[in-house]
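K.L.:
take this sequence and fold it.
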Amino acid sequence: MNAALGQTGVLLAFVGSLASIMVLGYGLIKHKQAIIRHGRAYSFVLLAGALLATFAMERALITHDFSLAYVASNNSRETPLLYTITGMWSALQGSILLWGLVLAVYIAALVVRTRRRPGDELPGWAILITNLVALFFFALMLGPANPFVHVKGAIPADGSGPNPLLQDFPLVAIHPPLLYLGFVGFTIPFAFALASLITNRLEDDWVTETRRWSLIAWGFLTLGIFLGAWWSYQVLGWGGYWGWDPVENAALLPWLAGTAYLHSSIAQQRRGIMRIWNISLIVSAFSLTILGTFFTRSGILQSVHSFSDSSLGPYLLVFFFIVVLSSLALIAWRGDGLRSSRAIIPGMSRETAFFVNNLLFAAFTFVVLLGTTFPLLIEALDGAQVTVGAPFFDSFIGPLGIAILFFMAIAPLLPWQRSNRELVQKRLMWPIIAAALAVVIEILAQVHSPGQIFAYPMAAFAGVAALRQAVVHTIYSRRRKDNLLRLLFSRTNGGMLVHVAVVLVAVALVTSTSYGHRGSLVLRPGQKAVFDGHTFVYHGVQTVVTPARTSLEALISVDGSANFAPKISQFGNNVQVVGTPAVKAGILDDVYLTLNLPPKTGSGPATFGVVIQPLVSWLWIGGALMGIGTAIAVFGTKDVSPLESVEEESEQKQEVPVG
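P.N.:
Numbering: from 1, shown residues only. Presented below is the predicted three-dimensional model:
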């Protein structure tokens, strides 16, 4: 029954998207509003099919329907309910189903959002394009990625269960869905970008239409990346949170393109410039989500985060090239119309800062993409196996990150067009003072690393610049007797909160990687040791047995606290042994413990890995603040930018048109 329900749902979704494409296409070509209206409605058939297929898969998992090959491979009777439910996205076919479900929800939301413009061709073409994307993914589920295939031979009495790493931490219930909400969310602004090219509405309509969609997708992807880093930190036992792994990079690439777009789209809304940049950036963001899916779902790259090996690679790669080539063709077709009548004026202006910011993000993206794909290129050319590790990325990303921090800070402080030197000096005063104080502190602390010497003053500069903007905006708006609570939760302040959070993350990254210490301790029960100022007492081991797993836990106290329990576990019938660290998190530093070698006897010595990392907790705090700031920027109160308020009125009077 589950297989029949699931197959029906997938087929219904496929037919719904196909019908929407055909009816919408006919209505848009013939400019018939009634037919366009009907074509939009088929998107709800797509949603109904996706929901039915998802219900069937979850029902099969919860009822342990091992007649389905997917359930037999990713579920067992001992698997806890949480990990039974999350089993839907624990392997290839289920993750494609999750992608289809999220996309169907986004398309339905788009239809509802534009319901008062049923005959408008811009959202009409956007809905058609999103349905084309949905058609591709549901076609995969009807073919090579079918999640409802029956097992071959006799139905097993029990399944093998999820991958042990996917049932060792409850974040598996949140992290993948957030990533998919981010990945798939970029389909909407991509569709509007292509729709603007098709309809020749190249002014600011599509940017205004999609900025909120882009912010939502970017916010989800941001949270997904941070939660993925936290998951890696809490589960994998290596003491780190980011290793430039190909799957990590696959999430970072569209995030970088999306970040650049969110900044430069402001320039198009305000000044009508950077049109080609914005079209290209949003196309890049969506294309990189498809490329990232190719990396993670084709088995072509080896990764600790990748749990699938399939034949989907060629399909995804062909789809990627179709997206890129069709987008380039549309951009070339409308090239003349994309040129702005206004130019970016060289000098200290906000549009110049945005332009440089775009160049920096493009360079950042290129470095990550090159480092990720270089092993594939070398293997394709001569069959050699090479790896690109953290040293390659760090050598480029450090300088680029510091430069991005600078332009992130200075861009909101600069006026549009040519700047007034006195005005700029006034706005830069406090950020420069903060940077100077950071330099003094570095001198007193005898900081010698070139990266730290530049990073900390730049972080102080950027943080104070963002705080100044929020304060200035609130004060000047308050003078116009706006409600204080509304001002605090304004969209401008949301953006500044994101900037402050980025500074916190940058400081935490530099500090944790520069001042961390690693070591090992060999302790017998009752023995004490001191490492990097922390006291450890080992109390022995205990075996904990649950229906899902058997764990050997080592009990160890840190600085007199309650016992922490790094452990090694075996899940069900899976022979793979998984180590789970214990983390004593603090505001100033984290103590990270792993059981590297268990004792041979109860009174024998155990070997522990110890990592002391300062300010790691501020990574997660910064990530949470970025999520909150994004939510305020999306749903907060409308406002006037502080740089277009009373402080800038005198300059605006002198502004002259360009072109």
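K.L.:
pLDDT at residue 644, what is it?
P.N.:
Per-residue pLDDT puts residue 644 at 50.
K.L.:
need the residues that contact stretch 520-531.
P.N.:
With contacts defined as CB atoms under 8 Å, 6 or more residues apart in numbering, stretch 520-531 is touched by 517, 519, 535-540, 556, 596, 602-610, 612. (Each C-beta comes from the backbone N, C-alpha and C, glycine too.)
K.L.:
among those, name the buried ones.
P.N.:
536-538, 540, 556, 596, 605-606, 608-610, 612 (16 or more other CB atoms under 10 Å).
K.L.:
next, format those residues as TSV and append distance to residue 270 and pLDDT.
P.N.:
What follows is the buried ones among the contacts of stretch 520-531, written out as TSV (distance: CB to CB, whole Å; pLDDT from 0 to 100):
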residue	distance to residue 270	pLDDT
536	57	95
537	61	95
538	62	94
540	65	92
556	57	94
596	56	93
605	66	93
606	62	94
608	56	95
609	52	95
610	52	95
612	47	95
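K.L.:
closest to residue 264 out of the residues you listed?
P.N.:
Residue 264 has its nearest neighbour among the buried ones among the contacts of stretch 520-531 in residue 612, at 40.8 Å by CB to CB.
K.L.:
distance from the chain centre to the helix or strand hosting that closest one, please.
P.N.:
Using DSSP states H and E, residue 612 sits within strand 606-614. Distance, stretch centre to chain centre, for strand 606-614: 29 Å (CA atoms, centre = their mean, to the nearest Å).
K.L.:
show me what that strand is packed against.
P.N.:
Applying 3 or more CB pairs under 8 Å, 6 or more residues apart in numbering; DSSP states H and E, one finds that strand 606-614 makes contact with helix 491-515, strand 517-523, strand 534-545, strand 549-558, strand 589-597.
K.L.:
repeat that for 7 Å
P.N.:
helix 491-515, strand 517-523, strand 534-545, strand 589-597 (3 or more CB pairs under 7 Å, 6 or more residues apart in numbering; DSSP states H and E).
K.L.:
quick one: contacts of it?
P.N.:
Applying CB atoms under 7 Å, 6 or more residues apart in numbering, the contact partners of strand 606-614 are 239, 511-512, 515-523, 531-532, 534, 538, 541, 554, 556, 566, 588-599.
K.L.:
list only buried entries from the residues you listed.
P.N.:
For these, a burial check counting by 16+ other CB under 10 Å picks out 239, 511-512, 516, 521, 523, 531, 538, 541, 554, 556, 566, 589-596, 598-599.
K.L.:
helices along the stretch 301-450 of the chain, start to end?
P.N.:
Ranges of helices within the stretch 301-450 of the chain are 313-333, 335-338, 350-382, 390-410, 421-444, 450-479, based on DSSP state H, counting those that start in this stretch.
K.L.:
can you say which of those helices is packed in most?
P.N.:
Highest mean neighbour count of the helices of the stretch 301-450 of the chain: helix 450-479, a mean of 20 (counted as mean count of other CB atoms under 10 Å).
K.L.:
what is the orientation angle of that helix with helix 390-410?
P.N.:
30 degrees (axes from the mean of the first three to the mean of the last three CA atoms, to 10 degrees).
K.L.:
centre of the chain to helix 450-479, how far?
P.N.:
That offset, for helix 450-479, works out to 24 Å (CA atoms, centre = their mean).
K.L.:
quick one: mean pLDDT over that helix.
P.N.:
Helix 450-479 comes out at a mean pLDDT of 84.
K.L.:
and the angle for that helix with helix 491-515?
P.N.:
Going by the same axes, to 10 degrees, helix 450-479 makes 160 degrees with helix 491-515.
K.L.:
circling back: can you list the helices and strands packed on strand 606-614 in TSV and add distance to residue 626?
P.N.:
Shown next, in TSV, are those (distance: least, CB to CB, whole Å):
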stretch	distance to residue 626
helix 491-515	4
strand 517-523	28
strand 534-545	30
strand 589-597	20
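K.L.:
closest one to residue 154 among the ones you listed?
P.N.:
strand 534-545 (29.7 Å).
K.L.:
residue ranges in the stretch 51-200 of the chain under the pLDDT threshold?
P.N.:
Along the stretch 51-200 of the chain, the model assigns pLDDT under 70 to no residue.
K.L.:
which stretches in it count as strands?
P.N.:
Taking DSSP state E, counting those that start in this stretch as the criterion, the stretch 51-200 of the chain contains no strands.
K.L.:
contact partners of stretch 173-182?
P.N.:
Under the criterion CB under 7 Å, 6+ apart, residues 82, 86, 89, 98-99, 102, 217-218, 220-221, 223-224, 227-228, 231, 251 lie in contact with stretch 173-182.
K.L.:
now, of those, which are buried?
P.N.:
86, 89, 98-99, 102, 217-218, 220-221, 223-224, 227-228, 231, 251.
K.L.:
nearest residue to residue 510 in space, ignoring adjacent ones along the chain?
P.N.:
Of all residues not flanking residue 510 in the chain, residue 455 sits nearest, at 4.6 Å (CB to CB, 6 or more residues apart in numbering).
K.L.:
for residue 563, same thing?
P.N.:
Residue 563 sits nearest to residue 555 (CB to CB, 6+ apart), 4.3 Å away.
K.L.:
related to what we said a few turns ago, from the buried ones among the contacts of stretch 520-531, which is closest to residue 136?
P.N.:
Nearest to residue 136 among those, with distances taken as CB to CB, is residue 609, at 44.9 Å.
K.L.:
returning to what we had before: may I have the strand holding residue 612 exported as CSV, CA atoms only?
P.N.:
The C-alpha coordinates for strand 606-614 follow below in CSV (Å, rounded to 0.1, in the frame of the first residue of the first chain):
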residue,chain,number,x,y,z
ALA,A,606,42.3,4.9,28.9
THR,A,607,43.6,7.3,26.3
PHE,A,608,41.7,10.5,25.7
GLY,A,609,42.0,13.1,23.0
VAL,A,610,41.7,16.7,24.4
VAL,A,611,41.1,19.9,22.4
ILE,A,612,40.9,23.3,24.1
GLN,A,613,39.5,25.9,21.7
PRO,A,614,38.7,29.5,22.8
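K.L.:
name every strand pairing with that strand and say which way it goes.
P.N.:
strand 517-523 (antiparallel), strand 589-597 (antiparallel) (DSSP bridges).
K.L.:
how about those strands in CSV, adding distance to residue 14?
P.N.:
As requested, the strands paired with strand 606-614 are exported to CSV (distance: least, CB to CB, whole Å):
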stretch, distance to residue 14
strand 517-523, 52
strand 589-597, 47
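K.L.:
for the ones you listed, which one sits closest to residue 44?
P.N.:
Nearest of the strands paired with strand 606-614 (CB to CB): strand 589-597, 47.6 Å.
K.L.:
show me how far the closest one is from its chain's centre.
P.N.:
That offset, for strand 589-597, works out to 27 Å (CA atoms, centre = their mean).
K.L.:
ok, stretch 610-628 next?
P.N.:
Distance, centroid of stretch 610-628 to centroid of chain: 16 Å (CA atoms, centre = their mean).
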